[in-house]
Structure formats: structure tokens, C-alpha cells
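Asks: Sequence first, then the predicted structure, then my questions.
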Protein chains: 2
Amino acid sequence: MLWIPIDRSLDIPLYRQVYQQIRENILNGDLQSGERLPSTREFSSELAVSRNVILEAYDQLLAEGFLDSRRGSGTFVAKGAFLKQHENPSTFHSLNSIEENINEDNIINFRSGIPALDLFPRKTWSKLSHSICNEIAPSNFGYDLPEGRLELRQALSRYLLRTRGVDCHPEQIVITSGATQALTLVSKLLLSPNDAALIEDPITDDIQSIFKASGSSLYPIPVDEYGMRTALLPEDKNPKFIFITPSHQFPIGGTLPIQRRIHLINYARKNNCYLVEDDYDSEFRYEGPPVSSLQGLDPAYVLYIGSFSKILSPALRIGYLILPMHLIEKCRKLKWFSDLHTPSLDQLTLARFMTEGYLERHIAKMKKFYKNQRDFLIHCLNTTFSNDIHILGYSTGLHLIAELKDIHFSKELLKKIELYDVKVYPVEDHSIIKGKHSNRIILGYGHLSKEDIATGVFRLHQALYNTNST
Amino acid sequence: MLWIPIDRSLDIPLYRQVYQQIRENILNGDLQSGERLPSTREFSSELAVSRNVILEAYDQLLAEGFLDSRRGSGTFVAKGAFLKQHENPSTFHSLNSIEENINEDNIINFRSGIPALDLFPRKTWSKLSHSICNEIAPSNFGYDLPEGRLELRQALSRYLLRTRGVDCHPEQIVITSGATQALTLVSKLLLSPNDAALIEDPITDDIQSIFKASGSSLYPIPVDEYGMRTALLPEDKNPKFIFITPSHQFPIGGTLPIQRRIHLINYARKNNCYLVEDDYDSEFRYEGPPVSSLQGLDPAYVLYIGSFSKILSPALRIGYLILPMHLIEKCRKLKWFSDLHTPSLDQLTLARFMTEGYLERHIAKMKKFYKNQRDFLIHCLNTTFSNDIHILGYSTGLHLIAELKDIHFSKELLKKIELYDVKVYPVEDHSIIKGKHSNRIILGYGHLSKEDIATGVFRLHQALYNTNST
């Protein structure tokens, strides 16, 4: 008789335990082709389970072809169901996360680009998403268009014209799963192997990786406190596009002046290339009204990227890409083959959040909040470091740059700083041509409490100037 | 004095109207570098608006660099802000949708793969998503891990072991934005230019496009009513993987027997290639218990793809990819560069939907519903076509195959059928090697009412045999 250990303490149904073990025995050859299995009656009494348990197990094994049933003569192991076993090297080692944990105990982390997560408007959002889910027509639960919901594209087109001077028809918009996907689509849309693109230097590694994935070459254009130095645009590279973050250059923080914007447009027209405008952090401008987009200057040459990660929440994964009309069809196809479309209910919730005026109210509120944070950080820095610090890139966004006199943020120094339970990010990490920003660090402040900001600045000062304590 | 038409009936703030028109005048050269603008006091009285309107407009133009302000002497047009204008060829023609509209008036559409959208459990879903949004810690609104929420991966790992015999640790799962993204990740993960992969024939165009995007060659293996004919696997192709839909081959509908599954595993071991198992439609098996996965036979060689599109809703865009451990790190990176991660709140809602038992109850309910639909469709077909029809691929899923005696589903015939307000899909559309399935059509039934099914079958019969009416 087949020996099948039954464990009633397990969360696995009894028939499944019987099924799995017979299956295992067949696959490893313990039960061989042609062998007769016990009748359901004898087997159930042997295992002290109900006959149904055995019947169900046999049925499944029959359906899967492990067993043959011959009327009148019983149940047999089928032919060809033996599979040589090998050692399964399933070592479940813990993975290094790409994302680092920003909630490490006690460490104050000045990481940039994280909004104040505790101020996400969860009551309004959950109320709207609840209504949407209950009110929409059933067809909305089906497959949708790759470019996204018309409701959201219409709301966006109105919002962007009003607040950013972006000149686009809803048909020029493709809703993406965040700005990262928009960048990936741009890369696939415009770059082929051996193509060239011009980028800002410094810039994030992620953006370089995304553009390089197409096999193209990237040429860095240096950035100063006003953004890309357009006077240095090369005439011999024949780039497919220039990538820029004109509202708040990442990381240096400059806002591109109109003269450089016009230079870019003229360069694009002359060299027949596109401008890829990542309108990073544009909503949170604390000095003066927001600067209008590059896209508004010449929609025919600009691909415009935006995201709701900073103004609402990165967890939503909603962004958008605005394109000249002749690129739309290709982009829709690329989006379709990426993930068909961005989740519909989230898009509809966001569209209602916008049309009912919640977004602009939320942005206004957050702008006040972040300005306050920024002013406090600047105050702490100036008080603590006085003449040793120069602050730049602070007019916009959720981070600023601190330049420290006679400090070189080497790997050793950064390690030392971490020993003081504070984490800062050197600009040099984002530099392509190294050595120009070695005394600069990026300080993100959107997600920190005032207490954390004060303590963090204090700890940083200790780490830099208190040579005795380590 | 500058002439600025102000239109109080517009939805655009007055300062914005002033701002936009001055900006336009500067860009097109009507206002030239060095020109002095009227003072805010005179200009506001001229335009009959409050002085604040002009102040705000000037402030923005100053911030953007269009204007210069010289203390004591006034406000001037800045240098270098002129941009040659060109005709903007913005022709907003209507786009052809990639997705076709399945709700065309009056047409009964037997398209496959669409679940019964009106039975989406919207009350439960909206209730859970509302609670999630209000209860979770603020950190959940931030950036998340590329592989997806641990809660969902744990729930999936338990669910798949219990229902599909899939043997995986939560760390082997990457949550994707639908099965399409999982396929795209597989393609990037395993295929380089000039690599080979083996696929089923017939197969969908989308899957071929996704795999071909990597520059690799696809070799079709013919499919019969039991799925891929593994005896025809070539020994000389050195494929990176074999793609299969073993639960319910799309489109033919066969379920792969254990002998062929073992053949595939042995082939993979011998040729050191992977098996990519798209466990398409596995949940809705009407005859006998569900057949266990290929993945469960040898987790080291199988990449397993699943999705919630059919069992819940395609609009959610949630799927998953299960990989051998050594491929996980590369896959996480690819997911990160695609869209960082799948939206967190949706993942958390789904995890709770699963752990609270709603998913399995919903599937059980839908299985009963679809079986009823299927039985009714088979009944209608048999009654209407009697001896002229052979039905196959009906044991599982949301579609079946109808094979019609002496009928060749040519383009002309399909057009004629559409004139009868019914739409069917020829298997030949999915064939790589043409001519083998010309008398077969795919009939999807999940989304249709019984009345539509009956009428649709009647119309199809009319179209095929009533030669007088057109």
C-alpha cells in the first residue's frame, strides 16, 4: 500500500496532500508506469480520510494525465509521466534592494525628490476613488486605450495650459505609468543604436541608463546655476534630442532663462532634433510665478514630460508625455506593447481630482508647506555654517544645493557623515565629467520634519568640523 | 501704448491674458529688445484692470527673463527673447484606435478574452481600496520596490501553490503591470539580437511583436487540439526559451498533457533553455479540476506568467512573473527602468482582496457563470449548425473554437458576416504557417449576454448559409 503522510495541521486541503504526494511519487519514479493504485475505498480507509478526498485526488491526477482509468479494472500510473529529479538550488538569499530604505532608524536622510507623504490627501482621494469604482459604466472595467483616459487628458490639457503655458490638444497626450515610463518611451521612440543625444551634466544615473539602453551615445553639456549652458551645444553631434530639466535642473537646481530656452529652440530647428523637456519640480516655485514651459515656445520640437509623483504621490505611478502630433501613433503602439495602458480607475480618480479643483488647492497648500520647510532649512544652514556655506538652486522644488567652503565630499567623508546618523548626497555622484562639484551636496527637505531638519544640519556640522569625536 | 485685448468672458485669469500677449509680442518681435514697457499704473488704467493684474504679469515675465527691470527707469524688453515663428502644422486628425470598440451599436462581437465586466466585484473592491487608502502608514505613499508589495507576493505565493501547484518563494515573484509587461520583461531578460525562441503556431500578433522587438528570430511549433506538438521541437535551433500557453492554448484551446509537459522539461534541461509558461485562462477550467502548472514540475527552468485581467478586470493592469532565483535581480532592474513599480494602492487592495478570501469566492462564482455561458453557446451552435460544426478547445477559458465543414473564412466571407451585424475572428489571423485553420473561428463568450449569444449564432448561420439575402 502507498504510504502517504497526511498532516491535518497544515493549511493544505487533504485531497491536495494526497494528490501532491502521488504526483511526486510518479514523477520521481517511485510509482512506475502501469502500476495499479489502491481503490478509492481501500485507500481512504487506510489513510483514515473520507472517500471523497481520494476521489478528488485521483480525478485531478487523471485530468493531468498522471493516471489512466480502465473501467472495471482500476486506476493505473500512466505512461511517460516520469521526470528525472535534480537538486533544486533554491537559495532564497535576501536581495539588495534598488530602493534604499529611507526610514532607517534614527538616521536623518536628506534624500531628494520625496514629497511629504503624510500630507497625501487620502480622505479626498479615497472618497473619489470609491465613487468612481461604484459609478462608472461596466465597460470601464475592460481594456482601455493605450494613450489613457480622455477625461484625464482633457483635464491635463486645460491644467497645463493654465499653469505651465503648455500648448497641447488632449490627443497629443499619452498617460504613462510615471515619468520613468515616459523617459523609456522617449528613448524607444527617438533613439536607435549609434544615435546621439545631448544631456545635462550632472544628471541622474537612471536617466542615463534609460537612454543608453537603446545603444546610443550620450554627450554631456555642462550645467551652471542657470541650467544647461546652451552656448556649449556642439555643432557636430547631430543629436536626436536634447534632454533638459529647465524648471529646476536636477541636481543643481537652476531655472533656465528665456535666452537659453530660445537658443535651444533655434538649435533644435537648425539641427532638426527634438527637445525633451522634463518639467521636473515646476509646480513648487517659491520665488515669483512659475516659469512657462519650453514646450509652449514651439510645440513642434518639444516632447514634454510631467508626473504626479511630487505633487501627489510616487505610489500612484502616473505621469504623462506630450508629443508633436506625428509621433503620437508610434508612441501609442510602444505604450501598448509596454503594458497596454495605465490602470483606468486611478486615471479616472485623478481626472475627477483635477476637475473638481482638488489638485490646484493641494498644490497651493503644499507649496506653502514646502516653502516653509525650505526657509527653515536655509535658516538652519546659514546659522550653523555662516560664512562657510553657499546655497544655490533653492528657488524651486524639494531640494537645494549646499556648497561648502574647503570641503571635499569624498567617499571617506561621506562614510564619516553617516556615522553621525545623517545622510547627504554629493552632487559628484551625478557628474559625468568629475571634479567640478566636489564641494556640493544635495539636500532634500520635502519629507523631513522641522525637528529632523534642525538635527540633521547640526549633525552634518558636527561630522564636518568636530574632528575629535571619531 | 501696447494694445492688449482683454476678454473677461474667458476662463483665463486677467494677469495671464496680459502675460501671454506680451510674451507673444516679444517672441514674435513686435516688442523688441530694449523697448520700454508702460508703467504698471498707466497700463492698468489703459486696460481698465487693477494694477495687481499688470504687476503679476510683469513679475512673471521678469522671472522668465522676457523683461528687465531697471530701478528708477522702468521695465524693458530683455535681450535675446525673440523667436522666429513658423506655421504650426497642428492637424488634430482623429486617430485610429489600436483597441477596437467592442460596444459598436448592434453588432454582436465574439471577441475573445473579455471577461464579464458587469460582474466586477466593485462594492468589495471599492470598500477595500477605501480602507487601504485611509489606513496605511504614510510611507506607503512613497516610492516602492520594483518587485512589488510583499503583502501581494506572499498572498500570490500561497494562492498559486494551492490552486496551480506553482512552487515559488515570494522573492521569486515580480508584480507587473499586466501580463503584457511580464512578456516584455521576459523578452528583455532572455533575448538578444539574433537569438532564437520557439513559439506556438497559431499565436497572437502582440506576443510575436514583443519577442521580435529584441531582434531575435521566432520559430513556430505547430499546435494541435492538445497544445504544442512537442514531438516537433527542433534540435538545431538552440533557443533561449520556448513560449507556451499550456492551460488553454491561445487560440486553439488545448490543454497540454503531462507527457508533453515532461517532454518540454527534458528538452529545456538538455538544451539549457527556459520555458516561458503563460498560464492563460487556467482558473476557468470546466471539465475536471485545474491542471497543475509546468512551473511546478521544475521551477529552475520555468518562467511563469499570470494576470488578473480575466479573473478580475483588465483595467487594473496587474499581473506577475515568477522566475528562477538567479534571474530575479536582473528582472527587478528591468522593471525599475520600465516604470519603477506597479501602483502601490492597487497592489495592497488586491492583496487584501486575496487574503480575505474574496478572490477565490469570485473565481468560483465566475466559473459557474462562464460554464453556463459556454454550455449555452455550445447548445446554440450544435442546434443551429448540427452536423456542419465541430467544436474544440472548450474545456477551459472564455472562448472556444468552431470548425465549420466546407467553409473557408476568407476576407470576403468575414466582410459578409459583418454585414449581418456579427463579428467573429478567424484562427488563420493568428497562424504563422497559413492554410491549416482556414475553417476555424474563435468565439469568445465571457462578455456576452445569453440573448446576444443566441442572436449572434443565428446571424452567423444566416451569413454563412443564406445566400439570398445579400
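Replies: Done, it's in.

Asks: The lengthiest helix in chain A near chain B at all?
Replies: Longest helix in chain A, counting residues (DSSP state H): helix A:358-385. No. Using CB under 8 Å from any CB of the partner chain, we find that helix A:358-385 stays clear of chain B, coming within 12.0 Å at best. Quick note: C-beta positions are derived from backbone N, CA and C, even for glycine.

Asks: quick one: strands adjacent to whatever helix or strand comes next after that helix?
Replies: Where DSSP states H and E defines the elements, the next helix or strand beyond helix A:358-385 is strand A:389-392. Strand A:389-392 has its sheet partners listed here by DSSP bridges as strand A:399-404 (antiparallel).

Asks: next helix or strand past the strand it pairs with?
Replies: Per DSSP H and E, the first helix or strand lying C-terminal to strand A:399-404 is helix A:411-419.

Asks: could you pull out the helices for the stretch 101-250 of chain A?
Replies: A:122-135, A:150-164, A:178-190, A:205-212 (DSSP state H, counting those that start in this stretch).

Asks: Need the winner for burial among those.
Replies: Among these, judged by mean count of other CB atoms under 10 Å in any protein chain shown, the one packed with the most neighbours on average is helix A:178-190 (a mean of 24).

Asks: what's the domain layout of chain A?
Replies: In terms of domains, chain A is parsed into A:1-100, A:110-116+A:367-466, A:119-360 (source: automatic domain parsing).

Asks: Residue A:132 contacts residue A:343, doesn't it?
Replies: No. Assessed by CB atoms under 8 Å, residue A:132 is found out of contact with residue A:343, at 11.6 Å.

Asks: just to revisit the earlier point, in the longest helix of chain A, what counts as buried?
Replies: Residues of helix A:358-385 classed as buried under the neighbour-count rule (16 or more other CB atoms under 10 Å in any protein chain shown) are A:358-359, A:362-363, A:366-367, A:370, A:373-374, A:376-378, A:380-381, A:384-385.

Asks: Which of the three states applies to the nearest residue to residue A:398 once chain neighbours are set aside?
Replies: Of all residues beyond its chain neighbours, the one nearest residue A:398 is residue A:446 (3.5 Å), with distances taken as CB to CB, 6 or more residues apart in numbering or on different chains. Under DSSP: H, G, I helix; E, B strand; the rest coil, the three-state class of residue A:446 is coil.

Asks: re the thing from before, would you turn the helices of the stretch 101-250 of chain A into JSON lines with distance to residue A:38?
Replies: Output for the helices of the stretch 101-250 of chain A, formatted as JSON lines (distance: least, CB to CB, whole Å):
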{"stretch": "helix A:122-135", "distance to residue A:38": "51"}
{"stretch": "helix A:150-164", "distance to residue A:38": "62"}
{"stretch": "helix A:178-190", "distance to residue A:38": "56"}
{"stretch": "helix A:205-212", "distance to residue A:38": "59"}
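
Asks: could these be laid out in CSV, adding distance to chain B?
Replies: Formatted as CSV, those follow (distance: least, CB to the nearest CB, whole Å):
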stretch, distance to chain B
helix A:122-135, 4
helix A:150-164, 7
helix A:178-190, 4
helix A:205-212, 6
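
Asks: low-scoring pLDDT stretches of the stretch 51-200 of chain A, where are they?
Replies: Filtered on pLDDT under 70, the stretch 51-200 of chain A yields the residue ranges A:85-105.

Asks: returning to that earlier point: is the residue nearest to residue A:398 in contact with residue A:372, as I believe?
Replies: No. When contacts are counted by CB under 8 Å, residue A:446 is not listed as touching residue A:372 (11.1 Å).

Asks: The residue lying closest to residue A:254 once chain neighbours are set aside bridge partners, please.
Replies: Leaving aside its chain neighbours, residue A:254 sits nearest to residue A:227 (4.1 Å; criterion: CB to CB, 6+ apart). Beta bridges link residue A:227 to residue A:224 when assigned by DSSP bridges.

Asks: gap between residue A:227 and residue A:268?
Replies: Relative to residue A:268, residue A:227 is positioned 16 Å away (CB to CB, to the nearest Å).

Asks: Which one's more surrounded, these two?
Replies: More crowded of residue A:227 and residue A:268, by other CB atoms under 10 Å in any protein chain shown: residue A:227, with 25 against 21.

Asks: Confirm for me that the more buried one is in contact with residue A:246.
Replies: Yes. Using CB under 8 Å, residue A:227 is in contact with residue A:246, at 5.9 Å.

Asks: shared neighbours of the two, anything?
Replies: Contact with both residue A:227 and residue A:246 is made by residues A:255-256, according to CB atoms under 8 Å, 6 or more residues apart in numbering or on different chains.

Asks: list the helices and strands the longest helix of chain A packs on?
Replies: Counting by 3 or more CB pairs under 8 Å, 6 or more residues apart in numbering or on different chains; DSSP states H and E, the packing neighbours recorded for helix A:358-385 are helix A:150-164, strand A:389-392, strand A:399-404, helix A:450-465.

Asks: again, only this time at 6 Å
Replies: helix A:450-465 (3 or more CB pairs under 6 Å, 6 or more residues apart in numbering or on different chains; DSSP states H and E).

Asks: got the angle for the helix it packs on vs strand A:399-404?
Replies: In terms of direction (axes from the mean of the first three to the mean of the last three CA atoms, to 10 degrees), helix A:450-465 departs from strand A:399-404 by 30 degrees.

Asks: ok, the buried residues of helix A:358-385 vs residue A:319, which is closest?
Replies: Each of the buried residues of helix A:358-385 was scored against residue A:319 by CB to CB, and residue A:359 proved nearest at 14.3 Å.

Asks: For that closest one, which residues are in contact?
Replies: Contacts here follow CB atoms under 6 Å, 6 or more residues apart in numbering or on different chains; on that basis residue A:359 touches residue A:353.

Asks: Look up the pLDDT of it for me, please.
Replies: Turning to residue A:359, the model gives it a pLDDT of 96.

Asks: can you tell me how far it sits from residue B:138?
Replies: According to CB to CB, residue A:359 and residue B:138 sit 19 Å apart.
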